[in-house]
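In: fold the following.
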Amino acid sequence: MTVLNETQNLAHEVVEDSNPTNNTDFQTIIKRRLNRRNILKGGTGLTAAAFFGTLPLVGCRVGGSSNNLNPITTTDNNVAIPAIGDLKRPETLRFTAVPHSTAETMSVAEGYKAEIILPLGTPLISGIENWKDNREQSAESFDWRMGDNHDGMWFFGKKDSAYDAKASDNGLLVMNHEYVNSAELSPFGYFVTPDKDAETIYQSRRLASDVRREVNCHGVSVVEMTRRSDGVGYEMVLNSKYNRRLTSSTLATFTGPVAGSDLVKTKFDPTGYQTRGINNNCGAGLSPWGTYLTTEENFLGVFARGQDASQLSATQNAGRARYGATEDFSGWGYLWHTPDAKEAKVADEFSRWDMTVVGATAADDYRNGFNTFGFMTEIDPFDQNSVPQKRTALGRFAHENCAYAPVESGKPVVFYMGDDARGEYIYKFVSNALWSNSDIGGGLKAGSKYMDEGTLHVAIFNDDGSGKWQPLIHGQNGLDAANSALPFNGQDEVLVFARAAADALGATKMDRPEWVSVSPITGEVYVTLTNNKLRGEREDQPVSATNPRSYQARGKDRGNDNGHIIRWAETGGDHAAMSFEWDIYLFASPSDLAAENLSKLNDNNDFSSPDGLYFDPRGVLWIQTDDGAYTDTSSCMLLAALPGNVSDGAPTVTSAGRQTRVGTFANNDNIKRFFVGPEGCEVTGITMTPDFKTLFINIQHPGNTWGAADGGSTPRSATVMITKEDGDVILAESFGPSASTT
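Out: Predicted coordinates:
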C-alpha cells in the first residue's frame, strides 16, 4: 500500500468552481461606461453619483432608528427568540482585544475561560472505550462517537423533555461534522492500493474499514448537556436517550417538490422518496419552531464518476457538470466507491458513491445518487427515532448555512442561504404558510408546514446599490423545456439544478457566499463572502460593486484573497419583498495592506476570510475566519462586532478601480478580536445559551497536538466552551461603567 493524494488530506481547502456563465448584467453596462482611469481621475465624490445615482441607501428599520439601535421587542417575536433577560445591545466593546497569535494553543479575552470539550472520538454512551491515540477504534464504533471536523451547531434549551427556547440549565447541543482528515483518523494513515494496470485514481482501492470509518465520522451529533454543579459551563450527559449520531449512512426522506422525482430514483429506492446519508454538513441553523437545520455543502467531494457521458442525455450531462461532476472524476480523493464489494456489510455500501451509469435504468444503479445530496435537511433532536427530512423546496446546491428572518404572526417564514463555491449565488425561500406561534415545538410536522411549499428566489445585486429577487418557478422567465443551456421540464428539475436555473435568471456571481445571519436589531441580512482568488483574474468573474477587489498582495496576484461581508435591507422591512438595498459592511484585510484596508481595521481587529457569522439575540455580531492568506501573522479567529445599518458609511473606490459603498469604519469600540484558535485551524460553528453565559465554538483541523488525548500526538477537532471566569454574562463588561478599550 502506498500513501497517495495530498488533496484528500486538505479537503477543507478545495473549492469548487463550476459556474461557466457570464452573468454580469448591470456591472457590464457600468464597466463600458466608466473605465479605471476615469474612476480614479474623478475621485470618490465625483463617481458616487455615477454609480449610486440618487438612490437613497437607507436601511429599513425593523426595531429602531439608525441613531438608536434597539432590539425587536414585540411579544410576538420574543416567544421564538432563544434568550432570556435583557436583550439590550452593548454600546461599545470594552474587553481587551486578543493579540495576533500563531501559537499551538488557543487564546481568549482576559477574564474568560476557554475549555476543550467533545473532541473527535468521544463516546456518547458507556461500553465504548475512550479514544486511543493509535486510532485503532473500530469504524463501527463511530456510530456512537463524536465525528470529525466539528462545524455548525446549535444549543436547544430543554425543559420537561421538550424544546424550550428560554431554558439554559439543560439542553441538547447539536453539531455538524463536515468532513474528515483521513491521515489522522485511520490507524494506517491515508492509503490506497492501485488496481493492477490502473490508469487513473478512479480505479484505485481504499480499505473498507477506513471508508466505513470516514462515512460514520460525517454527519451530525446530538449530545445532551447539563449545567455543572458550580453553575459555570456544561458537561455531557453520558448515555442520555437523546445522544445519537446521524451519519452518511443514516436513512433520510425527501419532502417537497423533488420527492418521488425521476431525478432521485436509485437502486436503493426506485420510488425516489428515500436515500441513505446526510453528508458534508457545514453550517447550521435553528428553525423558529425549534428543530435543527443542517446543510449539505461539498457533497461533490465524496462522489466519483467514470466514462458514461454517451449513455446520458445532454440535460443529464449538463446537470452533472454544473455541479462539478465531470467524467473520470474521482471526487476529492475520498474514493469511497473503491473498496472491494466483497467487503461490504450492507448492499451497495461502497458502490452507491459512484454515479457512473452501469445498469439499464436508474433503478439498477446509482447514477442519481449524486442528486440525492445538496439539500437543506431538518432534524428533530428531541425525537431520537425521527428520520432526517431533506427539504427540497429550498433548492440543491452547496449550502453553507441557513438563517431565518424574525418571525411575525400572519406573515411568511423566510430563510436565507448561500452557495459556497466561486462565483455562486445567494438565495432566499419564502414559505406559503403564514407563521403561528402555536407551531413552536411542533417538530418535523411544523417543518413540513413551512418548508415543503413556498418559493425559492435568487439575488441580483445591481451596482447602483439596489437589488432584486428572482423567483425560481418552472414555466416563468425561461425556466422551461425551451431553455437552451439546460431544459427544465418541471419544478423538480428547477430545484435539483437550482444553479442552472439561477444562471438563466441572471443571478449575480458572488465571492463564495458562506454564512448568513439576520440582525435582530435592524432586520438586515449579512452574508460573508469569504474570498475568491479568481475575482478579476478571469474573464467570467470581473470585479463589480458587490465584489470589487482584485489586487496584488505581497507581490502575488490574489484576486479577492481576504473577503468581505455584504448586507442588505429588504424594501419596507418586509423579508418577503422582491427588492432590497445593499452595501458592504466590512472589507477584511491585514491592517498593513493599506490599499485594501477599506474599513480601516487596526491590529486589534484586522482579519481575513470571514466565514462563520452569528448575531446573538442582543444584536452582537460574531465573525469567524477560515483563512490561508494572513495566517503567517495570526491563526484563525473570532471577533465581536456592533454593526450599524445599511448606508451608514460612504462611497469608496477599490484599488481595482471599482466604486462601491462601505459601512462605518472599524474602531476599537465596534469590532474587536475576542479569540484566536490554535495554529493550523479553522474557527467555525457558534451558538450561545439563552442566558448568554456560555458561548460554544468549534475548531476544525488544528495543527500540532491540539486536542490530543492523554499526551498523544494526534490533533483532534473539538468544541470550545467559553465562559466568564466569574460566571457572568458574556460581554457583561460592555454593559458596565466605562473601561479602557484596548
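In: contacts and neighbour counts: CA atoms only from here.
Out: Fine.
In: wait, Asp143 touches Asn216, no?
Out: Yes - using Cα atoms under 8 Å, Asp143 is in contact with Asn216, at 6.0 Å.
In: where do the contact lists of these two overlap?
Out: Thr247 (Cα atoms under 8 Å, 6 or more residues apart in numbering).
In: who has more neighbours out of these two?
Out: Higher neighbour count among Asp143 and Asn216: Asn216, with 30 against 22, using other Cα atoms under 10 Å.
In: where does that one fall, secondary structure wise?
Out: helix 208-217 (DSSP states H and E).
In: tell me the first helix or strand C-terminal of that helix.
Out: strand 219-227.
In: what's that following strand packed up against?
Out: strand 170-177, strand 234-236, strand 244-246 (3 or more Cα pairs under 8 Å, 6 or more residues apart in numbering; DSSP states H and E).
In: for the second one, packing partners?
Out: Same thing as strand 234-236. Helices and strands touching strand 234-236, by 3+ Cα pairs under 8 Å, 6+ apart, are strand 219-227.
In: paired strands for the strand it packs on, with orientation please.
Out: Taking DSSP bridges as the criterion, strand 219-227 forms sheet pairs with strand 170-177 (antiparallel), strand 234-236 (antiparallel), strand 244-246 (antiparallel).
In: just list whatever residues bridge to the closest residue to Met153 other than its chain neighbours.
Out: In space, and not counting its chain neighbours, Met153 is closest to Met175: 4.0 Å by Cα to Cα, 6 or more residues apart in numbering. On DSSP bridges, the residues paired with Met175 through beta bridges are Met153, Ser221.
In: list the contacts of Met175.
Out: 150-154, 220-222, 284, 685.
In: ok so, going back, mind checking how far the helix holding Asn216 is from the chain centre?
Out: 24 Å (Cα atoms, centre = their mean, to the nearest Å).
In: cool, stretch 713-722 as well?
Out: 20 Å.
In: just the terminal-to-terminal distance for it.
Out: End-to-end distance of stretch 713-722: 24 Å, with Cα to Cα, to the nearest Å as the criterion.
In: what do you get for stretch 367-378?
Out: Using Cα to Cα, the end-to-end distance of stretch 367-378 comes to 25 Å.
In: give me the pLDDT value at Lys265.
Out: You'll see Lys265 listed with a pLDDT of 98.
In: pretty sure it is touching Val258, no?
Out: No - in this structure, Lys265 is not within contact of Val258 by Cα under 8 Å, at 10.3 Å.
In: hang on, the earlier thing: okay, the helices and strands packed on strand 219-227, which one's buried deepest?
Out: Each of the helices and strands packed on strand 219-227 was scored by mean neighbour count; the highest is strand 170-177, a mean of 27, by mean count of other Cα atoms under 10 Å.
In: what residues sit buried inside the helix or strand immediately after that strand in the chain?
Out: Going down the chain from strand 170-177, the next helix or strand is helix 182-185, by DSSP H and E. Neighbour-count burial for helix 182-185 flags 182-185 (criterion: 16 or more other Cα atoms under 10 Å).
In: now do helix 182-185: which elements does it pack against?
Out: helix 6-9.
In: still on that earlier bit, quick one: closest of the strands paired with strand 219-227 to Lys428.
Out: Lys428 lies closest, by Cα to Cα, to one member of those: strand 170-177, at 22.0 Å.
In: check which helix or strand Arg558 maps to.
Out: strand 556-559.
In: let me see the mean pLDDT of that strand.
Out: The pLDDT scores in strand 556-559 average 70.
In: looks to me like Tyr242 is in a helix.
Out: No - counting by DSSP: H, G, I helix; E, B strand; the rest coil, Tyr242 is not part of a helix but coil.
In: what's the burial count for it?
Out: Quick note: Tyr242 (other Cα under 10 Å) scores 19 neighbours.
In: that one contacts Gln384, doesn't it?
Out: Yes - Tyr242 lies in contact with Gln384 (Cα under 8 Å); the separation is 5.9 Å.
In: just checking, Asp420 touches Ala398?
Out: Yes - under the criterion of Cα under 8 Å, Asp420 makes contact with Ala398 at 5.6 Å.
In: quick one: which of these two has more around it?
Out: Applying other Cα under 10 Å to Asp420 and Ala398 shows that Ala398 carries more neighbours, namely 30 against 27.
In: pull the contacting residues for the nearest residue in space to that one that is not next to it in sequence.
Out: Excluding its sequence neighbours, the residue lying closest to Ala398 (Cα to Cα, 6+ apart) is Glu297, at 3.9 Å. Glu297 makes contact with 279-282, 374, 397-400, 419-420 under the criterion Cα under 8 Å, 6+ apart.
In: what ranges do the helices span in this structure?
Out: Under the criterion DSSP state H, helices of the chain are mapped to 6-9, 26-33, 36-52, 75-80, 182-185, 208-217, 314-322, 443-451, 491-496, 498-504.
In: neighbours of Asn704, how many?
Out: 18.
In: ditto for the one 10 residues further on
Out: By other Cα under 10 Å, the residues close to Thr714 number 20.
In: measure it to Tyr450 for me?
Out: Thr714 is 44 Å from Tyr450, by Cα to Cα.
In: same question, Arg322
Out: 29 Å.
In: quick one, what contacts the nearest residue to Ala595 once chain neighbours are set aside?
Out: Once flanking residues are discounted, Ala595 sits nearest to Ser655: 6.1 Å by Cα to Cα, 6+ apart. Applying Cα under 8 Å, 6+ apart to Ser655 gives the contacts 549-551, 595-596.
In: my guess is Gly231 meets Asp726, correct?
Out: No - using Cα under 8 Å, Gly231 is not in contact with Asp726, being 10.3 Å away.
In: number of nearby residues for Asn187?
Out: Just to correct that, residue 187 is Pro rather than Asn. The number of residues packed near Pro187 is 15, by other Cα under 10 Å.
In: please apply the same query to Asp540.
Out: Here the number of neighbours of Asp540 (other Cα under 10 Å) works out to 17.
In: quick one: pLDDT of it?
Out: On the pLDDT scale, Asp540 is placed at 86.
In: low-confidence ranges in the stretch 351-500 of the chain?
Out: By pLDDT under 70, the stretch 351-500 of the chain contains no weakly predicted segment.
In: can you give me the strands for it?
Out: Secondary structure of the stretch 351-500 of the chain, counting by DSSP state E, counting those that start in this stretch: strands at 376-379, 389-391, 399-404, 412-419, 422-424, 426-434, 454-461, 466-471.
In: angle of the third one against strand 412-419?
Out: In this case it means strand 399-404. 160 degrees (axes from the mean of the first three to the mean of the last three Cα atoms, to 10 degrees).
In: strand 399-404 pairs with which strands?
Out: Strand 399-404 pairs in its sheet with strand 412-419 (antiparallel), by DSSP bridges.
In: give me the angle between the strand it pairs with and helix 443-451.
Out: 90 degrees.
In: quick one: distance of strand 412-419 to the chain centre.
Out: 13 Å.
In: neighbouring contacts of that strand?
Out: Contacts for strand 412-419 (Cα under 8 Å, 6+ apart): 297, 397-405, 407, 425-435, 450, 512-516, 527, 575-576.
In: circling back: of the contacts of Ser655, which is the most crowded?
Out: Most crowded among these, counting by other Cα under 10 Å, is Arg549 at 29 neighbours.
In: that one and Gly559, how far apart?
Out: Arg549 is 7 Å from Gly559, by Cα to Cα.
In: find the residues that touch each one of these two.
Out: 535-536.
In: low-confidence ranges in the chain?
Out: In the chain, residues with pLDDT under 70: 1-13, 20, 24-77, 195-199, 552-557, 737-742.
In: list the contacts of Gly443.
Out: By Cα under 8 Å, 6+ apart, Gly443 lies in contact with 289-291, 380.
In: among these, which two are most distant?
Out: Trp289 and Asp380 (10.3 Å).
In: any buried residues in stretch 649-656, and which?
Out: Under the neighbour-count criterion of 16+ other Cα under 10 Å, stretch 649-656 has 649, 651-656 buried.
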